[in-house]
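J.: predicted coordinates and the sequence they were generated for:
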Amino acid sequence: MSQKHSPPKTSPARRTLAVNRKAYHNYEVSETYAAGVVLTGTEVKSLRAGTFSISQSFARISNGEVWLHGMTIQPYEQGNRYNHEPDRPRKLLLKRLEINKLIGKTQMDRMTLIPLKIYFERCWVKVDLGLCRSKQLVDKRETIKTRDAKREIDRAIKHHVSK
């Protein structure tokens with residue numbers, strides 16, 4: 001008799017769709033939150049096809065709800081009359097305590113919510129939101145300088161070990 005093996009429940013299947021690299025360059029990320037996204041059927045199919053952009057997107061809190069603005073999901077080719085608006089605001093699903101914490105941080109500390117990564121977790125579309133503060137030009141240069149120094153050190157160590 002053969003038994004069917006199911007995947008372990010502790011590690012859900014996660015497939016990353018996009019990472020917002022520009023956000024890591026322009027902002028200093030202090031905290032991250034995982035949020036679900038409310039989507040229509042054609043939007044999910046367009047995400048699976050890879051026809052979307054999160055580079056110019058941001059999240060805003062209004063009336064106790066978190067909304068994702070600026071995320072463009074192109075219309076699905078076979079969607080005909082059931083297609084969606086490409087630039088509509090999309091509701092994000094977070095717990096009430098997390099929303100209250102974000103309200104306080106964004107209003108008092110002058111921080112912004114930027115989507116860092118969009119991914120499928122099992123069958124749900126999720127977004128990693130970063131609580132960010134924008135970097136000054138000096139901070140960006142310092143980040144580049146430390147990254148280049150670390151790269152040179154790694155090269156020297158690799159070259160020294162290989163001899």
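T.: Thanks, I have the structure now. Because the structure is predicted, anything quoted here is derived from the model rather than measured.
J.: can you name every helix or strand that the longest helix along the chain contacts?
T.: Using DSSP state H, we find that the single longest helix of the chain is helix 137-162. Packing partners of helix 137-162 (3 or more Cβ pairs under 8 Å, 6 or more residues apart in numbering; DSSP states H and E): helix 21-26. Bear in mind the C-beta positions are built from the backbone N, C-alpha and C, glycine included.
J.: which residues does the helix it packs on contact?
T.: Outside helix 21-26, the residues that touch it by Cβ atoms under 8 Å, 6 or more residues apart in numbering are 29, 55, 114-116, 130, 132, 134-135, 140, 143.
J.: go on, stretch 101-117?
T.: Contacts of stretch 101-117 (Cβ under 8 Å, 6+ apart): 16, 18-20, 23-24, 27, 29-33, 54, 57-61, 64, 66, 68, 71, 94, 127-134.
J.: restricted to buried residues, select those in PyMOL.
T.: Here is the PyMOL command that selects only those of those that count as buried (16 or more other Cβ atoms under 10 Å):
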select buried, resi 18+20+23+24+27+29+33+54+57+58+59+61+66+68+71+94+127+128+129+130+131+132
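J.: now, the contacts of stretch 101-117 that are in helices?
T.: 23-24.
J.: S134 contacts S30, doesn't it?
T.: No. S134 is beyond contact range of S30, at 12.0 Å (criterion: Cβ atoms under 8 Å).
J.: what is the burial count for S55?
T.: 13 (other Cβ atoms under 10 Å).
J.: partner residues bridging F58?
T.: Beta-bridge pairing for F58 (DSSP bridges): H69.
J.: distance of the nearest residue to A13 once chain neighbours are set aside from G36?
T.: Excluding the flanking residues, the one nearest A13 by Cβ to Cβ, 6 or more residues apart in numbering is R122, at 5.9 Å. Noted for R122: a distance of 11 Å to G36, by Cβ to Cβ, to the nearest Å.
J.: for T143, same thing?
T.: 31 Å.
J.: also S62?
T.: Where G36 is concerned, S62 sits at a distance of 18 Å (Cβ to Cβ).
J.: okay, these two: which has more neighbours?
T.: Comparing S62 with G36 by neighbour count (other Cβ under 10 Å), the higher total belongs to G36, at 14 against 8.
J.: part of a strand, is the more buried one?
T.: Yes. Under DSSP: H, G, I helix; E, B strand; the rest coil, G36 sits within a strand.
J.: just give the nearest non-adjacent residue to it, would you?
T.: Leaving aside its sequence neighbours, G36 sits nearest to L93 (Cβ to Cβ, 6+ apart; 3.7 Å).
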